[in-house]
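S.K.: coordinates only, sequence not included:
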């Protein structure tokens, strides 16, 4: 079997196991979201996938309903903070996150619906970060030396977890994240994927 075939088997096996393991969350979380901030339950965001093809990444909604509008049209101070911090910002500093959303993000529960992206073949369990197209454009302009990494990053499917998320260095600048993601893509192997999978629970617990 090729790496891609083995990877797909691994993705479907792990995704199916996690879907069954966390099945109660698919009932409880939607109810809590509706009680806390109403509908919609899910949030989708355009991301860049393999080959530069965009897709809708799914999450449980952890922000207010007009979060994107607030960021890009109403709260320029927050947008500037995002850009200056390489498109990452701590949940405690983001006023758009709901009360329940802070809990969902702290325990990474908001990302569970990405399992649907895995079943659809748009994402893998392990892979580089699923970047926003505008983020890639602006960050490669800010860090021109990272343009060489983008081709490698987009040569594989983005993942729910990945090399820099499990490295203990979540709060790192884009140029380092891109370098780590590029190195993962160039040296991709099932052994590497399994090693990252084994590190993921510890990385999640370290956030708590």
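M.R.: Done, it's in. This structure is a prediction, so every number in the text was calculated from the model and none was measured. Numbers count the residues shown, from 1 in each chain.

S.K.: for the longest helix along the chain, list every residue counted as buried.
M.R.: Using DSSP state H, we find that the single longest helix of the chain is helix 3-21. Neighbour-count burial for helix 3-21, counted by 16 or more other Cβ atoms under 10 Å, picks out 7-8, 10-11, 14-15, 19. All C-beta atoms are positioned from the backbone trio N, CA, C, and that covers glycine.

S.K.: likewise stretch 136-144?
M.R.: For stretch 136-144, the neighbour count (16+ other Cβ under 10 Å) marks 136, 139-140, 143 as buried.

S.K.: adding pLDDT, write these out as TSV.
M.R.: TSV is the format used below for the buried residues of stretch 136-144 (pLDDT from 0 to 100):
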residue	pLDDT
136	92
139	91
140	93
143	92
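
S.K.: so which of those sit within strands?
M.R.: Per DSSP state E, strands hold no members of those.

S.K.: between these, which sits nearest residue 153?
M.R.: Proximity of the buried residues of stretch 136-144 to residue 153 (Cβ to Cβ) peaks at residue 136, which lies at 8.5 Å.

S.K.: gap between the closest one and residue 46?
M.R.: Here residue 136 is placed at a distance of 12 Å from residue 46 (Cβ to Cβ, to the nearest Å).

S.K.: which residues are in contact with both of those two?
M.R.: The contact sets of residue 136 and residue 46 do not overlap (Cβ atoms under 8 Å, 6 or more residues apart in numbering).

S.K.: count of residues packed around residue 159?
M.R.: As a burial measure, residue 159 scores 25 neighbours (other Cβ atoms under 10 Å).

S.K.: no wait, residue 51
M.R.: Residue 51 - counted by other Cβ under 10 Å - has 9 other residues nearby.

S.K.: for residue 44, give me its contacts.
M.R.: Shown in contact with residue 44 (Cβ under 8 Å, 6+ apart): 56-59.

S.K.: quick check: it is in a strand.
M.R.: Yes. Judged by DSSP: H, G, I helix; E, B strand; the rest coil, residue 44 forms part of a strand.

S.K.: okay, it: pLDDT?
M.R.: Model confidence at residue 44, given as pLDDT, is 93.

S.K.: from residue 137, how far out is it?
M.R.: Going from residue 44 to residue 137 by Cβ to Cβ gives 20 Å.

S.K.: show me where the protein has its helices.
M.R.: Applying DSSP H to the chain gives helices spanning 3-21, 25-37, 67-69, 76-84, 99-106, 114-119, 133-142, 147-153, 174-186, 190-206.

S.K.: relative to residue 164, which of the ones you listed is closest?
M.R.: From the helices of the chain, taking Cβ to Cβ, the stretch that ends up closest is helix 174-186, at 4.2 Å.

S.K.: kind regards, and thank you for your time.
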